[in-house]
Structure formats: C-alpha cells, structure tokens
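In: The following comprises the amino acid sequence and a computationally predicted model.
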Amino acid sequence: MNLLLLSNSRTHGRGFLEHALDEVTDFLGGRSNLLFVPYALRDHDAYTATVADALRPAGITVTGVHTAADPVAAVRAAEAVFVGGGNSFRLLKTLRDTGIRDAVHDRVRAGALRYMGSSAGTNMACPTLRTTNDMPIAEPDSFTALDLVPFQINPHYLDPDPSSTHMGETRQQRIEEFLEQNDVPVLGIREGAWLRVSDGSARLGGLSGARLFARGAEPREFVPGDDVTFLLSGTPRFDVPA
C-alpha cells in the first residue's frame, strides 16, 4: 500500500502543491497520469484545472474523475489517485454516493492504486472523518471513510497559542474531546507536513512536524524524517523512542 497524505495543498508564500512537488513526483514513481477527485469543492472543473496547472511542469497529466461517464470504472483503471481538500463532509458523501469510496479502498488496499490526499483527502484515508476541522454542510450516510490507516489524522494542526485571547477550544482540546469518546490515536499534522506510507513503513516529511495524541498518554512530538511505522500496527506503543 502506497500513500502520500499531505496536511495542505497551499503553503504561505508558495504556489499550489509547490512545497511538496518533489515528494509528489517521487511518490508517483514515473507515472505520468493522475486521476483527481475534486468533490470536496463545488466547482469541479476549476479545481481540476488548478491541480493540472500545478503538476504540468512535472510532466504529470491530471484528469478529473467527474468527467468520466463511469467514475468507478475510472478509479479501477487508474494507477494513482489524488483526493483534494475542501469540505470533508461533502467529499465523503460524494465518495459514498458515487461508489468511489469502495473502489478506492479495495484497489489501494490491494496495492494496485497509489493514493494521495490533501487536507480533506487526507481525512478520507482514516477510519472515519471524525477528526476533520470542517462544518457538516452535507450529510453522508456514514462517517466511515476509506480506512487505509488504523489511526486518525487532523490536518492543518495548530498548536495552542498561550498569548491568544480567543476563548474557544484549541485544536488540542478538540482532539482530547474526540479521545474521550474514541480510543483511537490522532496524528495532528502541521501545515507543510505530510505522511508517507510505503510497503508497511511510515515516515513524516515536509516543512514542519506533527503531534500524536492518544488516550491516557501525553502528546508526543515528531519532526520531518521521523519513522512512525509503529502507527500502522493499530495499537501504537508510546514507549518506543521518538
């Protein structure tokens, strides 16, 4: 199974996917055709064009799955798929309504399809969308996502700011609320960072780090280059040296 899970597509001061372009091309491994899933935003054509423009200099051709007469067949024929960010509730509802959810899950799990996600697309790789940052503007029939990794991810993770006068919950408090109801680890990936999963191993990369939360344990810090393969076991050991 091969996954590239980006926290975000846009980083301050850089173009769309510019911060991760080398990683994306390495991940695709010479594959020049990428199937893009634009369902997290309303304007599918414009979103696909943005991705195509960003990847064209790398020699990658992008096709929007929404243009296919049979989206499920398009997924079954693809070698690599990119699920873009936006609203994760709208995204999951459309993935499930079109049948793409099952097709992507089965082919990625079988090792036949490389999966790249960003933001909401990264949320989709988790067991559920319950650690999204989004408003529920659409109602999927289930919160079950693609279940490609056995833990949750919170993209765009923001650390608590001790100087802030905002009285709402911090991202850490929101994740701790999740852990009160769900005994599933949560990896908070900061802006500019990503998780690369390849053939049973997992490593953090990018411009920033990540923070791991689990019930009954103190949060744990990781930096780019750290091996986090232990997360793939489904029962992470917090006594493993960082």
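Out: Sure thing, it's come through.

In: For the rest of this, base every contact and every neighbour count on C-alpha atoms.
Out: Noted.

In: how about the strands in the protein?
Out: Using DSSP state E, the strands found in the chain span residues 2-6, 33-37, 61-64, 80-83, 114-118, 152-157, 186-190, 193-198, 201-206, 210-213, 220-222.

In: For L95, find the nearest of those.
Out: Closest to L95 of the strands of the chain is strand 33-37 (Cα to Cα; 9.0 Å).

In: could you say what helices and strands the closest one packs with?
Out: Applying 3 or more Cα pairs under 8 Å, 6 or more residues apart in numbering; DSSP states H and E, one finds that strand 33-37 contacts strand 61-64, strand 80-83.

In: What is the burial count for R96?
Out: By other Cα atoms under 10 Å, 18 other residues sit near R96.

In: shouldn't it be in contact with E139?
Out: No - using Cα atoms under 8 Å, R96 makes no contact with E139, being 10.9 Å away.

In: what would the helices and strands packed on strand 33-37 look like in CSV with distance to F36 and mean pLDDT?
Out: Compiled in CSV, the helices and strands packed on strand 33-37 are given as follows (distance: least, Cα to Cα, whole Å; pLDDT from 0 to 100):
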stretch, distance to F36, mean pLDDT
strand 61-64, 5, 98
strand 80-83, 5, 98
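
In: Buried deepest among those, which one?
Out: Using mean count of other Cα atoms under 10 Å, the stretch among the helices and strands packed on strand 33-37 with the largest mean neighbour count is strand 80-83, at a mean of 24.

In: Export that one to PDB, keeping only CA atoms.
Out: The C-alpha coordinates for strand 80-83 follow below in PDB (Å, rounded to 0.1, in the frame of the first residue of the first chain):
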ATOM      1  CA  ALA A  80      -2.700   6.800  -9.000                       C
ATOM      2  CA  VAL A  81      -5.400   9.000  -7.500                       C
ATOM      3  CA  PHE A  82      -5.300  12.400  -5.800                       C
ATOM      4  CA  VAL A  83      -8.200  13.300  -3.500                       C
END
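
In: Start the count at 32 instead of 1 going forward.
Out: OK, 32 is where the count begins now, so the last one is strand 111-114.

In: Off-centre distance for it?
Out: Distance, stretch centre to chain centre, for strand 111-114: 11 Å (Cα atoms, centre = their mean, to the nearest Å).

In: Neighbours of P250, how many?
Out: By other Cα under 10 Å, the residues close to P250 number 15.

In: if I look at it, how far off is I168?
Out: P250 sits 31 Å away from I168, going by Cα to Cα, to the nearest Å.

In: now R73
Out: Distance check for R73 against I168: by Cα to Cα, it reads 12 Å.

In: Same question for D214.
Out: From D214 to I168 the distance is 26 Å (Cα to Cα).
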